[in-house]
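**Q** Predicted model and sequence below, questions to follow.
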Amino acid sequence: MAKQVSDLIVERLIEWGVDTIFGFPGDGVDGFFESLRTHQDKLKFIQVRHEEAAAFAAVGYAKYTGRIGVCCATSGPGGVHLLNGLYDAKCDLQPVLAITGHTFHDLIGMDYQQDVDLDKLYMDVSVFNERVMGPAHAVNVVDMAVRTAYARKGVSHICIPKDIQEWEVTDKHRSSGNVAQHSGDWSVPSTARPSAAMIQKAADIINKGSKVTVFVGRGALGAREEVGQLAEIVGGPVVKALLGKAVLPDRSPYTTGGLGLLGTAPSVDAMEECDTLIMIGTSYPYMEFLPKPGQAKCVQIEIDATRIGLRHPVDTALVGDAKTILAALLPLLKKKNNKFLKTAQERMKNWNQLMDERGTRKDMPMKPQVVTHTLNKLLSDDAIVSSDSGTIATWTARHVDIRGTMQFSLSGSLATMANGLPYSIGAAIAYPGRQVVCVVGDGGLTMLMGEIATLVKYKLQVTVIVIKNNVLGQIKWEQMILEGNPEFGVELEPIDFAMVAQACGARGFTIERPEDAERVLREALAHRGPSVVQAVVDPNEPPMPGKATTEQAIKFAKSLLRGQKDAMKIIKTIAEDKIREVI
């Protein structure tokens, strides 16, 4: 059989090192899927139950491997379904390639079936967006799509009309300017770094500071050793944005953990008291938690020049790879008195004791912290942990400690629900020998619950921990604490997730009492194959900020006075939490 356009595309992806594609079939990509079938010895196709999950799995694959994640979907609704996962990639700067079908090339715009103009639909989400026009165009488009996704850290989109996928490869219609084999399947990370003068200016600012706080995000994940050295030299704490949770171990003497509503009190203190701020690889959005303008001098290290000064006034900026820049900067820094760091360490010691106390509570209903606190003790040192959006992000961020070569991620800037399980699919496919765990809420899991069947189909070693409180918890507490309103529209119809897991062919477990948590979690983690643990927890346990503000307290009081359901139970729970904190 003669080679077709789809063969060119698949073979070029293989030459780029692509080994996995997540997707869902449809008649708009039949030609492409035939090529996937005939090349399955070199390129795995992972069939999900919803195209959105394919995009999320590709994002998870990209985040945990550093390689491009690839997903595919049919024309029309299939391409539409990919979008939420692709926006997750865009917002978190991940290299992802989406391949979609289209209707017949000579019926586009003729109101034919599934005639959705995906080229236009993807204009905002993508850094590269092109329709394949024929055999002579295909390889050029693939090369540019992959190269651009890597270089610009974003989404590339290739749209292939249904009939063009099956066109025979020929140079008959190649234009004279399109020299055959002119495009190379090669790219390399940038090693550019600022001038020596710029690095010296940054060093001078840091050397003059007496209370230096280092703030790291995902862009510092490859510079763990250098970040630790920086903290030691400047005598200041390292605060971690959530996507940068794995930059340093959570029990490192140099870190105060996360920042913001799900962060720690010592991190808030470090930001409020510093006179110098070093931001590395983060565009953390919640500016109210950063030093007030004029309070601290700021040095920002960032690979994307468009993000310099995006969140905080900058005194000097160093554009490039964090590890490369820090290697040049560290020798220019003067060793400081570490009094500021010691203060942070004392505060962190108290914070960790508080988290230990909250995570070992025995009262009923079971507290959600008990689940993640217990899970933390059972995780391998190379575990890959994914979280979903919601209150579970708080419980995971505060009670799962990064150590060893562990990896952690969730939907950062988009903060979408439903990403946790598909992220774990991407992780398990990329690292079949590692422990993979996702911590999700009952709201987020329900959105893409069919992916439990995907775990079973491919026998993926994934443990799903679903925190079940029958409510959209994060939204509930935001309505109360941020808006001052009673909860509304957030109650969920209960689902027995253990039974759902068993119906899909996975193991299902249930935890209802704190004393059973370790036994059940240990059994689930040891199970060969996918498992789902539903942990039934107290819906009235709030994810309190590390340091609550007066405004938040006032809004919370207003919500109770305006008719909040179970107001007395909530007051009792918070009172018990605060009493324990004081003790």
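**A** Perfect, thanks for sending it.
**Q** Only C-alpha atoms from now on, for both contacts and neighbour counts.
**A** Will do.
**Q** Looking at the protein, which helix is longest?
**A** If you go by DSSP state H, the chain has its longest helix at helix 339-359.
**Q** List the buried residues in that one.
**A** 340-342, 344-345, 347-348, 351-352, 354-355, 357-359 (16 or more other CA atoms under 10 Å).
**Q** Let's have these in JSON lines, adding distance to residue 543 and pLDDT.
**A** JSON lines is the format used below for those (distance: CA to CA, whole Å; pLDDT from 0 to 100):
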{"residue": "340", "distance to residue 543": "28", "pLDDT": "96"}
{"residue": "341", "distance to residue 543": "27", "pLDDT": "96"}
{"residue": "342", "distance to residue 543": "28", "pLDDT": "96"}
{"residue": "344", "distance to residue 543": "22", "pLDDT": "96"}
{"residue": "345", "distance to residue 543": "23", "pLDDT": "96"}
{"residue": "347", "distance to residue 543": "20", "pLDDT": "96"}
{"residue": "348", "distance to residue 543": "19", "pLDDT": "96"}
{"residue": "351", "distance to residue 543": "15", "pLDDT": "94"}
{"residue": "352", "distance to residue 543": "16", "pLDDT": "95"}
{"residue": "354", "distance to residue 543": "14", "pLDDT": "92"}
{"residue": "355", "distance to residue 543": "12", "pLDDT": "94"}
{"residue": "357", "distance to residue 543": "15", "pLDDT": "93"}
{"residue": "358", "distance to residue 543": "12", "pLDDT": "92"}
{"residue": "359", "distance to residue 543": "13", "pLDDT": "95"}
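**Q** List just the nearest of these to residue 46.
**A** Using CA to CA, residue 359 comes nearest to residue 46 of the buried residues of helix 339-359, at 37.3 Å.
**Q** Was I right to think that closest one contacts residue 377?
**A** No - the pair residue 359 / residue 377 is not scored as a contact, 11.2 Å apart, by CA atoms under 8 Å.
**Q** other SSEs contacting the longest helix of the chain?
**A** Helices and strands touching helix 339-359, by 3 or more CA pairs under 8 Å, 6 or more residues apart in numbering; DSSP states H and E, are strand 255-258, helix 265-273, helix 368-378, helix 391-399, helix 567-582.
**Q** Could you check how far it is from the centre of its chain?
**A** How far helix 339-359 lies from its chain's middle: 26 Å, per CA atoms, centre = their mean, to the nearest Å.
**Q** quick one, it and helix 368-378 angle?
**A** 110 degrees (axes from the mean of the first three to the mean of the last three CA atoms, to 10 degrees).
**Q** For helix 339-359, output the C-alpha coordinates as CSV.
**A** Coordinates of each C-alpha in helix 339-359 appear next as CSV, following Å, rounded to 0.1, in the frame of the first residue of the first chain:
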residue,chain,number,x,y,z
LYS,A,339,19.2,34.9,61.8
PHE,A,340,16.2,35.5,59.4
LEU,A,341,16.4,31.9,58.3
LYS,A,342,16.6,30.6,61.9
THR,A,343,13.5,32.6,62.8
ALA,A,344,11.7,31.0,59.8
GLN,A,345,12.9,27.6,60.9
GLU,A,346,11.5,28.0,64.4
ARG,A,347,8.2,29.1,63.0
MET,A,348,8.2,26.1,60.6
LYS,A,349,8.9,23.7,63.5
ASN,A,350,5.7,25.0,65.2
TRP,A,351,3.8,24.8,62.0
ASN,A,352,4.8,21.2,61.3
GLN,A,353,3.8,20.3,64.9
LEU,A,354,0.4,21.9,64.2
MET,A,355,0.0,19.9,60.9
ASP,A,356,1.0,16.7,62.7
GLU,A,357,-1.6,17.3,65.4
ARG,A,358,-4.3,18.1,62.8
GLY,A,359,-3.4,15.1,60.7
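**Q** returning to what we had before: mean pLDDT lowest where, among the helices and strands packed on helix 339-359?
**A** Among the helices and strands packed on helix 339-359, helix 567-582 has the lowest mean pLDDT, at a mean of 56.
**Q** Alright, I will stop here.
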